[in-house]
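A.B. asks: pasting the structure only:
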């Protein structure tokens with residue numbers, strides 16, 4: 001794997017480095033041809049801590065943008081095995097401190113959440129090994145204040161957090177970065193005040209293409225029974241809600257209603273409606289692809305052509 005076995009030069013002292021008197025985490029930004037969104041991401045973390053841009057063979061200006069912002073560019077090439085990208089970072093990068101903040105290149109820190117990070121690291125809560133961050137979507141150019149907002153563990157004590165092998169490589173459509181599952185922790189979790197801004201895109205074509213891949217992975221992992229292992233790091237209420245949603249037979253309609261009605265997405269106007277439809281469409285893709293895979297795995301030899309001629313109701317609603 002590219003990057004193994006070579007000395008990585010440590011960054012110059014900035015916020016969060018020993019002797020500065022400012023508490024901040026090491027910041028790891030995942031990139032792959034991320035030039036369209038990386039500039040704003042790096043600007044949003046300026047001064048918070050040393051920044052590592054871990055890049056997967058980008059062919060655009062990702063490297064140039066990282067250099068202009070003073071970030072350390074770390075080449076990464078996945079070998080198709082574990083560890084994947086985040087765990088590789090935890091094992092190999094010469095971090096300055098114990099706390100690591102993982103960001104995707106399409107995410108932005110707001111001033112409020114930057115200050116919340118400084119506050120909790122200045123006075124860490126006993127027993128807390130990681131923190132959930134909540135993200136507000138920016139969809140069709142509008143930041144959504146309502147509707148479904150996703151949460152993920154992004155700030156963690158690297159000595160008490162790890163991403164275990166979960167079997168999703170066997171899903172055949174996995175990718176190099178740990179996907180929609182949380183790390184396992186030796187300790188408790190907390191939640192930070194404030195919100196990330198998550199750019200869904202940066203344009204609609206990119207957003208639909210990315211979620212098409214996510215739905216491939218989710219359907220394959222579900223049919224292959226990897227989901228229980230992938231969700232071990234999540235609270236039981238969250239695991240239960242996802243299991244009920246997937247098995248209800250009406251997941252697309254429930255996802256839409258959750259975002260648009262229950263979470264008051266209609267208060268965001270047309271953008272809130274479109275985002276709720278976008279979420280429902282994503283769950284419709286998973287349901288349909290899961291049904292296709294399940295039928296293929298149980299189909300007798302020679303019966304495929306007959307069975308594919310039958311009408312399919314993917315949602316059961």
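C.D. replies: Looks like it came in fine. Remember, predicted model here, so these are calculated numbers, not experimental data.
A.B. asks: show the pLDDT at residue 228.
C.D. replies: pLDDT for residue 228: 57.
A.B. asks: make that residue 245, sorry
C.D. replies: At residue 245, pLDDT is 67.
A.B. asks: same question, residue 2
C.D. replies: 39.
A.B. asks: buried ones in the helix ranked longest in the chain?
C.D. replies: Taking DSSP state H as the criterion, the chain has its longest helix at helix 269-298. By neighbour count with 16 or more other CB atoms under 10 Å, helix 269-298 contains the buried residues 271-280, 282-291, 293. (Each C-beta comes from the backbone N, C-alpha and C, glycine too.)
A.B. asks: sec struct for residue 103, please.
C.D. replies: Assigned by DSSP: H, G, I helix; E, B strand; the rest coil, the conformation of residue 103 is strand.
A.B. asks: all helices for the stretch 201-317 of the chain, in order.
C.D. replies: Under the criterion DSSP state H, counting those that start in this stretch, the stretch 201-317 of the chain carries helices at the ranges 204-223, 227-230, 236-247, 251-257, 269-298, 304-308.
A.B. asks: tell me what the longest one is packed against?
C.D. replies: With contacts taken as 3 or more CB pairs under 8 Å, 6 or more residues apart in numbering; DSSP states H and E, helix 269-298 sits against strand 128-139, helix 204-223, helix 251-257.
A.B. asks: next one: that helix to chain centre, how far?
C.D. replies: Helix 269-298 has its C-alpha centroid displaced from the chain centroid by 18 Å (CA atoms, centre = their mean, to the nearest Å).
A.B. asks: ok so, going back, of the helices of the stretch 201-317 of the chain, which shows the lowest average pLDDT?
C.D. replies: Checking each of these, the one with the poorest mean pLDDT is helix 304-308, at a mean of 37.
A.B. asks: stretch 161-179 spans what distance, first to last residue?
C.D. replies: Chord length of stretch 161-179, first to last residue, is 16 Å (CA to CA, to the nearest Å).
A.B. asks: how far is it from where the chain is centred?
C.D. replies: Taking CA atoms, centre = their mean, one finds the center of stretch 161-179 at 12 Å from the center of the full chain.
A.B. asks: what comes up buried for that stretch?
C.D. replies: Judged by neighbour count (16+ other CB under 10 Å), stretch 161-179 contains these buried residues: 161-164, 166-168, 171, 174-179.
A.B. asks: which of those fall in strands?
C.D. replies: Among the buried residues of stretch 161-179, the members found in strands (DSSP state E) are 161, 162.
A.B. asks: can you put the helices and strands packed on helix 269-298 in JSON lines and add distance to residue 76?
C.D. replies: Shown next, in JSON lines, are those (distance: least, CB to CB, whole Å):
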{"stretch": "strand 128-139", "distance to residue 76": "22"}
{"stretch": "helix 204-223", "distance to residue 76": "19"}
{"stretch": "helix 251-257", "distance to residue 76": "33"}
